[in-house]
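Asks: Just need the structure, nothing else, for what follows:
(one chain, ligands or ions: 2)
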Amino acid sequence: MSNDYNYMFKYIVVGDTNVGKSCLLLQFTENKFCDHTESTVGVEFGYKTIKINDQQIKLQIWDTAGQDSFKSITRSYYRGAIGGLLVFDFSRRSTFEDIKKWLKEIKTFSCDKIELVLVGNKSDIPKKDVTIEEVEEYAQQEKLDFYETSAKTGKNVDVVFESVANKILRKIETKQINLDDQMLGIKVNFNGKMRKKSKSQSNQSPYYNITLNGKQSDQEKNEKKSCC
Ligand SMILES: Nc1nc2c(ncn2[C@@H]2O[C@H](COP(=O)(O)OP(=O)(O)OP(=O)(O)O)[C@@H](O)[C@H]2O)c(=O)[nH]1
Ligand SMILES: [Mg+2]
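Replies: Ligands and ions are numbered 1, 2, ... in the order given. Here you go, the predicted model:
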């Protein structure tokens, strides 16, 4: 893994099955679109390095399965994420209505410093099942930024991922995020060397303690929200 970045931010992408989460990741990381995708099993991840204000930011993006049967697995990835995309499909109303549930999940299982953005995907499909007005009203009520995207045409895909990074970076620069505070899904890289962790952080960093088989240890369960 290359170390030529200043910060690495961990993101999660959540939302109902088939809303296009994996396609958004594919479009962002490889500029590709796939018409026939397989439903994600558990989680998958991708990387991309972007540049903001002379800072190289590496995004480590965890794409979670939308199917209910994977909830217990995907939840274990929320902890320690500093950025998140809440995705629905503009052509299926139920996916927008379910955003409330996803937001509740995130608020319960992830750090309260997480920067979230609401994403209405498949904007290329002419038939809309949700109006922009109601989405904007909801976004305002929940204090979320909202973007209309198309993983198919690429519309706003880069913008969404970059906007979250921008907000996190601003919080770091204005010291609203304390990097010594167990790292919060942020890894700092000084000239290719990782910031040394304190003893108390060594078992708690989201990057060094990722649960790849989706099972949470008792310690992790007890540490719910301890990243904050
Ligand atoms: N027209 C259109 N189709 C899309 C778009 N994004 C995704 N799709 C299609 O929607 C289907 C589901 O896409 P996925 O990215 O696999 O959905 P997902 O949210 O990852 O689903 P799970 O992994 O089951 O949670 C696929 O057939 C995609 O080709 C889009 O922006 N426009
Ligand atoms: Mg998927």
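
Asks: Now do the strands in this structure.
Replies: Under the criterion DSSP state E, the chain contains strands at 7-14, 43-52, 55-64, 83-89, 115-121, 145-148, 186-190, 193-194.

Asks: could those strands be laid out in CSV, adding mean neighbour count, mean pLDDT and distance to ligand 1?
Replies: (Glycine included, C-beta is placed from N, CA and C.) Putting the strands of the chain into CSV (neighbours: other CB atoms under 10 Å; pLDDT from 0 to 100; distance: least, CB to the nearest ligand atom, whole Å) gives the following:
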stretch, mean neighbour count, mean pLDDT, distance to ligand 1
strand 7-14, 26, 95, 8
strand 43-52, 16, 95, 8
strand 55-64, 21, 96, 7
strand 83-89, 25, 98, 7
strand 115-121, 25, 98, 5
strand 145-148, 17, 98, 10
strand 186-190, 18, 80, 25
strand 193-194, 11, 53, 31
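
Asks: Stretch 124-144 and ligand 1 in contact?
Replies: Yes: against ligand 1, stretch 124-144 shows contacts by CB under 6 Å from any ligand atom at Asp124, Ile125.

Asks: can you tell me the distance between the two ends of that stretch?
Replies: 22 Å (CA to CA, to the nearest Å).

Asks: could the strands of the chain go into JSON lines alongside distance to Lys71?
Replies: Formatted as JSON lines, the strands of the chain follow (distance: least, CB to CB, whole Å):
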{"stretch": "strand 7-14", "distance to Lys71": "10"}
{"stretch": "strand 43-52", "distance to Lys71": "12"}
{"stretch": "strand 55-64", "distance to Lys71": "9"}
{"stretch": "strand 83-89", "distance to Lys71": "15"}
{"stretch": "strand 115-121", "distance to Lys71": "18"}
{"stretch": "strand 145-148", "distance to Lys71": "24"}
{"stretch": "strand 186-190", "distance to Lys71": "26"}
{"stretch": "strand 193-194", "distance to Lys71": "32"}
